[in-house]
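[1] just coords:
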């Protein structure tokens, strides 16, 4: 199997698993039982009170897959040598486009902090040292 096929397989697997998990993300087992009557074993619409993806259609991917595809595209554009500044620009542009569509809870606090640090000229080698996700 070549690298391209392996990469595509990984992305397809990610998207499939992401879409399967979308209706239950951030929900407790009790909430899943209440919402769906038990474990979700196939593509389902998210209930209207789903905390992250309320009312999302069955089979929809989330920001997890979108950001992985964004990274893959950047790696391809950079011939496998990731330009972190261009990737930061890609993430910032992606978040702006998602906000324009009405999504407001996209990037986590550590990512937002790191992107702001990059915008402020901090080296990408040290932008993650003050991470709420790592420290919290």
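    Yes, it's here. Note that the structure is a prediction, hence the values are computed from the model and not measured. Numbers count the residues shown, from 1 in each chain.

[2] Any stretches of this structure with poor pLDDT?
    104-105, 128-136 (pLDDT under 70).

[3] buried stuff in stretch 109-124?
    Using 16 or more other Cβ atoms under 10 Å as the test for burial, stretch 109-124 gives 110-111, 113-115, 117-118. Where you see a C-beta, it was placed from the backbone N, CA and C, and this is true even at glycine.

[4] For residue 55, state which of these is nearest.
    Comparing these against residue 55 with Cβ to Cβ picks out residue 111 as the nearest, at 24.8 Å.

[5] Check which helices and strands the host helix or strand of that closest one is in contact with.
    Assigned by DSSP states H and E, residue 111 falls within helix 109-119. Under the contact definition 3 or more Cβ pairs under 8 Å, 6 or more residues apart in numbering; DSSP states H and E, helix 109-119 sits against helix 84-100, helix 132-135.

[6] So which of these is nearest residue 72?
    helix 84-100 (11.0 Å).

[7] still on that earlier bit, which one of the buried residues of stretch 109-124 is nearest residue 65?
    Closest to residue 65 out of the buried residues of stretch 109-124 is residue 111 (15.7 Å), distances taken as Cβ to Cβ.

[8] surely the closest one meets residue 88?
    No: in this structure residue 111 lies outside contact range of residue 88 using Cβ atoms under 8 Å: 9.7 Å.

[9] Check the burial of the closest residue to residue 43 other than its chain neighbours by counting its neighbours.
    Ranked by Cβ to Cβ, 6 or more residues apart in numbering and with sequence neighbours excluded, the top spatial neighbour of residue 43 is residue 58, at 4.1 Å. Counted with other Cβ atoms under 10 Å, the neighbours of residue 58 add up to 14.
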